[in-house]
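> After the sequence you'll find the predicted model.
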Number of protein chains: 2
Amino acid sequence: MKKKKTYHHGNLAESLLDAVDEIASQFGLEAVTLRACAKLAGVSPSSAFRHYVDKRALFTAFATRALNQLTAAMSAAKAIAEKDGQDAFKAVGIAYIAFAIDKPAFFRAMWREEAIYSNDDHYRQAANNLSAQLTGGFADTIDDKDPETLSAQELLAWSAVHGLANLFVDGPVGNATPRQQKIEKAVEMIDALMPAFQPSNA
Amino acid sequence: MKKKKTYHHGNLAESLLDAVDEIASQFGLEAVTLRACAKLAGVSPSSAFRHYVDKRALFTAFATRALNQLTAAMSAAKAIAEKDGQDAFKAVGIAYIAFAIDKPAFFRAMWREEAIYSNDDHYRQAANNLSAQLTGGFADTIDDKDPETLSAQELLAWSAVHGLANLFVDGPVGNATPRQQKIEKAVEMIDALMPAFQPSNA
DNA sequence: GTGCTATGTGTACATTGTTCACATATTTTC
DNA sequence: GAAAATATGTGAACAATGTACACATAGCAC
């Protein structure tokens, strides 16, 4: 039940992502260094390049993973809300913001345009899925859809949620505020947003 | 009319900010290196430390400057809108998003929590001013105000605008879209938001 | 002028991303 | 099952970067 002390690691690509996860969680994204990741995975620095062409490629994979985690969290929140007969969008929006609050480094990693290859296929796919999950309550199709085709209301919904998440994580809002109060602020904001989604305003 | 070839530079602190500006504009934030800035300012690398304790401090100063530029742009847009009898918030919101589109590196620099000292006094002040300028149309006081005290509607307004700006700059929205279309999208989004600000929804 | 302080220089060092020739494991092929 | 081919990990090296420090030079106070 130990590490098989084999020369080959067996699952290094994943392990490196776990290392990014670990270091980013504890010390922030800026502290994530290739060498530290390699060390955490118990492997020499240069071995990372067998699995990722770049540090940037590693970050891209990590961003993709984070996007998928957030999408899953939203999906779970939606399922619960629907079962309880509550507003699905509200639940999904709160899940989005809560994720940003709880895992700021992950949230930052998802959108670091200059530090990832944002036209990577897997990354794009994950971003599309996230977009579809968030705006799913609005459109007829929950299918995977391109963020370019969002309606004004869908774009508004995403923007508001995404914006508050960013203001909490990287902005001057709620810096010294405990988590619970931030969530309440988020609920208030989404409540204030609801009138924009009345059928009469379509 | 040349550089006075004096041993002392005379205005290095500012010149270094100009260098960040220049490099970030041309090659992005990630390309900004202390040594490159020093070279651009015509000075040795170590001299930068006489004016900024850190690279991070330099970035903080640059972020502050960028915040003030954005605040000024919003202020100008507001003045024009008021003179023309147009909706002030809409004009200010568009100015915010347009700034992000036109100067993405500057916009990113403003909110890089992990790369700046976000509790620096000047930075905080600039962020407060920006907050006040954006939400000025809502509150009774346009005075400098703490972002913590924003109402739900003010927070919604900022979140929506900030969110779309971020989606354009670092997100999957509008990647291949020409500037003008992004602006139109922004106008649509803000239009969709307006019902949330009706007095009946206060 | 003589100091005092502010500002810029040059050298040096540790850390980082990355490369490359080499070593070792795994898989394929006969 | 041996040999060949391929995949995966290693170690030493390099250039670039942020930063420290002892020193040089400028500007100012008296």
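Nice, thanks for sending it over.

> So if we follow the domain assignment, how does chain A break up?
Following automatic domain parsing, one gets these domains for chain A: A:1-51, A:55-201.

> Give the other helices and strands that whichever helix in chain A runs longest contacts.
Using DSSP state H to define each element, chain A has its longest helix at helix A:55-83. Under the contact definition 3 or more CB pairs under 8 Å, 6 or more residues apart in numbering or on different chains; DSSP states H and E, helix A:55-83 sits against helix A:12-27, helix A:34-40, helix A:88-102, helix A:104-110, helix A:121-135. For every residue, glycine as well, the C-beta is placed using N, CA and C.

> what sits against the residue nearest the centre of chain A?
The C-alpha lying nearest the average C-alpha coordinate of chain A belongs to residue A:67 (CA atoms, centre = their mean; 3.8 Å). With contact set as CB atoms under 8 Å, 6 or more residues apart in numbering or on different chains, residue A:67 has these partners: A:110, A:123, A:126-127, A:129-130.

> Could you find the closest non-adjacent residue to it?
Spatial nearest neighbour of residue A:67, excluding adjacent residues (CB to CB, 6 or more residues apart in numbering or on different chains): residue A:126 at 3.8 Å.

> What is the burial count for the one you found?
Number of residues near residue A:126 (other CB atoms under 10 Å in any protein chain shown) recorded here: 22.

> residues in contact with it?
A:63-64, A:67-68, A:71.

> For it, give me the pLDDT.
Looking at residue A:126, its pLDDT stands at 97.

> so how far is residue B:127 from the nearest residue to residue A:177 once chain neighbours are set aside?
Spatial nearest neighbour of residue A:177, excluding adjacent residues (CB to CB, 6+ apart): residue B:148 at 7.1 Å. Distance of residue B:148 to residue B:127, given as CB to CB, to the nearest Å: 11 Å.

> higher neighbour count, those two?
Neighbour count, other CB under 10 Å: between residue B:148 and residue B:127, residue B:127 has more, with 23 against 15.

> Can you pull out the low-pLDDT segments for chain A?
Scanning chain A with the threshold set as pLDDT under 70 gives A:1-8, A:139-144, A:201-202.

> which bits of it sit near DNA strand C?
Within chain A, the residues that sit near DNA strand C (CB under 7 Å from any atom of the strand) are A:6-8, A:10, A:32-36, A:45-46, A:49, A:54-56.

> 10 Å instead?
A:4-10, A:30-39, A:44-50, A:52-59 (CB under 10 Å from any atom of the strand).

> Buried subset of those residues, written for PyMOL?
Applying 16 or more other CB atoms under 10 Å in any protein chain shown to the residues of chain A next to DNA strand C leaves a buried subset, and the PyMOL line that selects it is:
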select buried, chain A and resi 9+32+34+36+37+38+48+52+55+56+57+58+59
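
> picking up where we left off before, return the closest of the contacts of residue A:126 with respect to chain B.
Of all the contacts of residue A:126, chain B sits closest to residue A:67, with 9.8 Å by CB to the nearest CB.

> returning to what we had before: distance to residue A:26 added to the contacts of residue A:67, as CSV?
As requested, those are exported to CSV (distance: CB to CB, whole Å):
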residue, distance to residue A:26
A:110, 18
A:123, 24
A:126, 24
A:127, 26
A:129, 28
A:130, 25
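
> nearest to chain B, of these?
Nearest to chain B among these: residue A:127, at 4.2 Å, using CB to the nearest CB.

> how near is the residue nearest to that closest one when sequence neighbours are not counted to residue A:148?
Ranked by CB to CB, 6+ apart and with sequence neighbours excluded, the top spatial neighbour of residue A:127 is residue B:172, at 4.2 Å. According to CB to CB, residue B:172 stands 8 Å off from residue A:148.

> Might you report the residue contacts of the closest residue to residue A:161 other than its chain neighbours?
In this structure, residue A:161 finds its nearest non-sequential neighbour in residue A:93, 4.5 Å apart by CB to CB, 6+ apart. By CB under 8 Å, 6+ apart, the contact set of residue A:93 is A:134, A:157, A:160-161, A:186, A:190.

> Kindly report the same for residue A:168.
Listed by CB under 8 Å, 6+ apart, the contact set of residue A:168 reads A:97, A:100-101, A:174, A:182.

> what separates it from DNA strand C, distance-wise?
When distance is defined by CB to the nearest atom of the strand, to the nearest Å, residue A:168 is 27 Å away from DNA strand C.

> One more: residue A:124?
In terms of CB to the nearest atom of the strand, residue A:124 sits 21 Å off from DNA strand C.

> Run through the residues that contact that residue.
Applying CB under 8 Å, 6+ apart to residue A:124 gives the contacts A:118, B:172.

> quick one: stretch A:193-201 near chain B?
Yes - Stretch A:193-201 comes into contact with chain B (CB under 8 Å from any CB of the partner chain), by way of A:193-196, A:198, A:201.

> got the buried residues for that stretch?
For stretch A:193-201, by 16+ other CB under 10 Å, it's A:193, A:195-197.

> Any chance of the residues you listed in a markdown table with distance to DNA strand D and secondary structure as columns?
Below are the buried residues of stretch A:193-201 laid out as a markdown table (distance: CB to the nearest atom of the strand, whole Å; DSSP: H, G, I helix; E, B strand; the rest coil):
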| residue | distance to DNA strand D | secondary structure |
| --- | --- | --- |
| A:193 | 41 | helix |
| A:195 | 47 | helix |
| A:196 | 44 | helix |
| A:197 | 46 | helix |
